[in-house]
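Engineer: curious how this folds, go ahead:
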Amino acid sequence: MSESRSLEKSKLIFVLHVFMDSLLVCLGFSLVYYYQTFIGKTIRFDAEQYMRTVLVIFFSTLLFFQIYGVFRCGRRPYKEIILSAMLSLIFVNLICIALVSLFKVFDFSVILFLWGFILQFTTIVLWKYVVYRIYPVFYKPKTAAFIGNGEETYKVAQKVLKNDKSMFEVKYIAEYVDNNTFKQIGEVDVVFLSPNLEPYLKEAIVYHCMGLGKTVYIIPELFEIAMFNATMSRFDDIPAFRIDNLNLSLEQLFLKRTFDIIVSLVLIVISSPLMLFAFVGTKLFDRGPVLFSQERVTRWGRKFNLYKFRTMVVDAEKNTGPVLATDKDNRVTKIGSFLRSTRIDELPQFFNVLFGDMSIVGPRPERQFFIDQFVKDIPEFEYRLTVKAGITGLAQVLGKYTTLPEDKLRFDLFYIRNYSFLLDMKIIFQTVKIMFMKVSSQGIKEEKVPSFVKKEFKEVLNKNL
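Structural biologist: Numbering: from 1, shown residues only. Take a look at the predicted model:
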């Protein structure tokens, strides 16, 4: 099958997912609605009001299922898709409850939406299970070649295969490029290029892949991210890309600050019971100070005091100096472990947002000590300071706590280059999901390429040479 026909098939499958998911969600509500109308006699039937509610459910389903990636479920773990579907359905029904209650569409009943949610979630779980069972029949793994320099090539392969085993099958791994590499490219479906590959080799490989109709995945160098959304200009008959700086415009800064003030005020009020719980819990089980204050760096290198609920023992860095938290860190208290896993320890940062030191969305604030260390190895690290530090960000929802600084920086620079209000909203909703994922709250745990992985990859490589 050609690549173009494969793409058409993929679009057709995507449309089928959209149709089935939306149908099941609307059908779940409709069945409960009709039951309570014609059998339970608790709601008076009104066709016009019913259709308005179903339309709200339909469009809300499209929005939240797209945000959480529920429509595309082949490449992601089944449990993650189910979590995404559950959160999506919660938001869909909350919106419906709010609108029905506000505009008095029909006799309001929480039970109606509760039973509707249960039926919707049950049918979606069963439907997605069927999809995952038949997915391998229609989608065979694509053979892949990983090309780069040395150890980095294995790390890229390991990351790709960690979550996409059903999508790709390793055929070649090239730690260096020679004439045989170009021959191998012709024998695979897709090619992955490591970020440390020399520019002239990367250019030659991309052109070669284009000529063969191969798909190429490029792990971008940091400077290449700056070219995203570049504007085409013309000087006489010479085309040129205009690459703007990473600063936000005055309009964007105003919109972002207005949004931060409104959201932080609302969330401070909503989360006040949780903050009271954290205050009492820390005093009862750990005693000592409740709040933890630490100097961090925000936009343009300005320093501020970041506030969190204390989760470590008092003077945790007295004997070690500044160090990042590690997985299973023995400095974390019992109540602190719970506060971290539930993200309750982050709630005081809404006051930092209200005071103007931080934003709801942006790169996570670092200490000057670590910034100085990162800049030595990654000079581009300072560019993330062109926007305010944030409580959450693209690196937090797409990466993990254990993600390497350089990879986090790629996400941060991509966010700054592509900033929009809609992107901020999407990140906020995705943050809700990662709060339920344990790996995002764990400390640093060094991830090296296991020796058996390298051995296995080399055996694959040698076997196919």
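Engineer: what ranges in the stretch 301-450 of the chain fall below the confidence cut-off?
Structural biologist: Low-confidence segments of the stretch 301-450 of the chain (pLDDT under 70): 316-329, 438-450.
Engineer: all strands of it, in order?
Structural biologist: 303-309, 359-361, 390-392 (DSSP state E, counting those that start in this stretch).
Engineer: strands paired with the longest one, and their directions?
Structural biologist: Looking at strand 303-309 with DSSP bridges, its partner strands are strand 291-297 (antiparallel).
Engineer: give the buried residues for the strand it pairs with.
Structural biologist: In terms of neighbour count (16 or more other CB atoms under 10 Å), strand 291-297 has its buried residues at 292, 296-297. From N, CA and C alone the C-beta is placed, and that goes for glycine too.
Engineer: can I get those residues in a markdown table including distance to residue 123?
Structural biologist: A markdown table is the format used below for the buried residues of strand 291-297 (distance: CB to CB, whole Å):
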| residue | distance to residue 123 |
| --- | --- |
| 292 | 45 |
| 296 | 46 |
| 297 | 49 |
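Engineer: tell me which of these has the lowest pLDDT.
Structural biologist: In terms of pLDDT, residue 292 ranks lowest among those, with 89.
Engineer: from memory residue 365 sits against residue 389, does it?
Structural biologist: Yes. Between residue 365 and residue 389 a contact is recorded at 3.4 Å, counting by CB atoms under 8 Å.
Engineer: what is in contact with the two at once?
Structural biologist: Listed as contacting both residue 365 and residue 389 by CB atoms under 8 Å, 6 or more residues apart in numbering are 296-298, 358.
Engineer: farthest pair in those residues?
Structural biologist: Farthest pair in the shared contacts of residue 365 and residue 389 (CB to CB) is 297 and 358. Separation: 11.0 Å.
Engineer: need the residues touching each of the two.
Structural biologist: 304, 365, 389.
Engineer: per-domain residue ranges of this structure.
Structural biologist: Following automatic domain parsing, one finds the domains of the chain at 3-138, 142-219+450-464, 250-434.
Engineer: right, so of these, which gets closest to residue 233?
Structural biologist: Comparing the domains of the chain against residue 233 with CB to CB, the closest turns out to be domain 250-434 (17.5 Å).
Engineer: how long is the closest one end to end?
Structural biologist: End-to-end span of domain 250-434 (CA to CA, to the nearest Å): 31 Å.
Engineer: centre of the chain to it, how far?
Structural biologist: On the basis of CA atoms, centre = their mean, to the nearest Å, domain 250-434 sits 16 Å off its chain's mean C-alpha point.
Engineer: the stretch 201-350 of the chain: helices as residue ranges?
Structural biologist: For the stretch 201-350 of the chain, the helices defined by DSSP state H, counting those that start in this stretch cover 222-225, 250-270, 272-285, 334-342, 349-355.
Engineer: quick one, which of these gets closest to residue 12.
Structural biologist: Ranking the helices of the stretch 201-350 of the chain by proximity to residue 12 (CB to CB) places helix 222-225 first, at 32.5 Å.
Engineer: which strands or helices does that closest one pack on?
Structural biologist: Applying 3 or more CB pairs under 8 Å, 6 or more residues apart in numbering; DSSP states H and E, we find helix 222-225 packed against helix 405-417.
Engineer: pull the residues that contact the helix it packs on.
Structural biologist: By CB under 8 Å, 6+ apart, the surrounding residues in contact with helix 405-417 are 220, 222, 225-226, 228-229, 246, 248, 361-363, 374, 378, 380-381, 383-384, 386-387, 393-395, 398-399, 423, 427.
Engineer: give me the spatial nearest neighbour of residue 195, chain neighbours excluded.
Structural biologist: Leaving aside its chain neighbours, residue 195 sits nearest to residue 219 (4.4 Å; criterion: CB to CB, 6 or more residues apart in numbering).
Engineer: below-threshold pLDDT in the stretch 101-250 of the chain: ranges please.
Structural biologist: Using pLDDT under 70, the flagged stretches of the stretch 101-250 of the chain are 105-108, 163-165.
Engineer: and the closest residue to residue 421 other than its chain neighbours, how many neighbours?
Structural biologist: Nearest non-adjacent residue to residue 421, counting by CB to CB, 6+ apart: residue 255, 5.9 Å away. Using other CB atoms under 10 Å, the number of residues around residue 255 comes to 15.
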